[in-house]
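Trainee: Quick one: sequence and predicted model below, then my questions.
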Amino acid sequence: MKEDKIKYFVSRKIKERIDFVRNIKTKDKKVAILYTFVNPKTGRLFMFGESKGFYTDEIFLNKFGAKNVTDSLNKDNQKLFKGNFAVTDLSLLTEANPDVIVVYGNGGEKLKEKFAELSKKNAKFASIPAIKNSAVAYDLPHYIGCDIKDAPKMITKWVNFFKKLK
């Protein structure tokens, strides 16, 4: 219920700022959405991809004219749970070839290290546009569970990140 209220509020705010959003050059940009979690006891990184057609698409990507390509990471066609699936092979990002990667959760730093490691070992991984052009957002606020009063700041951060893309 809270998620629906936030989704409605955020969508309304984005519509109100449509002139601001028009300057964003994201039409047809390919975006991968990853949620990360580090187990505090083991330090192990867990990653989940958000399938196309769910919240991020509805609230941001569709309005920005961008395309969610995260499903390319769901090699085994895992059943979705609330639009998400476990990501076990980051090398599949070479197939998705995203222009932008958005990372949520507390595992951003660990994922940044993994991306650096994979880039050193694999030239094809290093040539992914999002990696090559440093178009990875490790600190965008997640909108689910966001306080209504914080939503305008959250929307502005998203818009500003996408606005600065080339």
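Mentor: Looks like it came in fine.

Trainee: Look up how far Ile155 lies from Ala130.
Mentor: Between Ala130 and Ile155 the computed distance is 22 Å (Cβ to Cβ, to the nearest Å). C-beta here means a position set from N, CA and C on the backbone, and glycine is covered the same way.

Trainee: same question but for Asp71, I mixed them up
Mentor: Applying Cβ to Cβ to Asp71 and Ile155 gives a distance of 25 Å.

Trainee: ok, and for stretch 50-60, which residues are buried?
Mentor: 50-52, 54-57, 59-60 (16 or more other Cβ atoms under 10 Å).

Trainee: Could you do stretch 71-83 as well?
Mentor: Across stretch 71-83, burial judged by 16+ other Cβ under 10 Å covers 71-74, 80, 83.

Trainee: Over to stretch 129-145?
Mentor: 130-131, 135-138, 140, 143.

Trainee: Considering the residues you listed, which is situated nearest to Ser91?
Mentor: For these, the closest approach to Ser91 (Cβ to Cβ) belongs to Ile131, at 12.0 Å.

Trainee: by contact count, what packs against the host helix or strand of that closest one?
Mentor: For Ile131, the enclosing helix or strand under DSSP states H and E is helix 129-132. If you count contacts as 3 or more Cβ pairs under 8 Å, 6 or more residues apart in numbering; DSSP states H and E, helix 129-132 packs onto strand 100-105.
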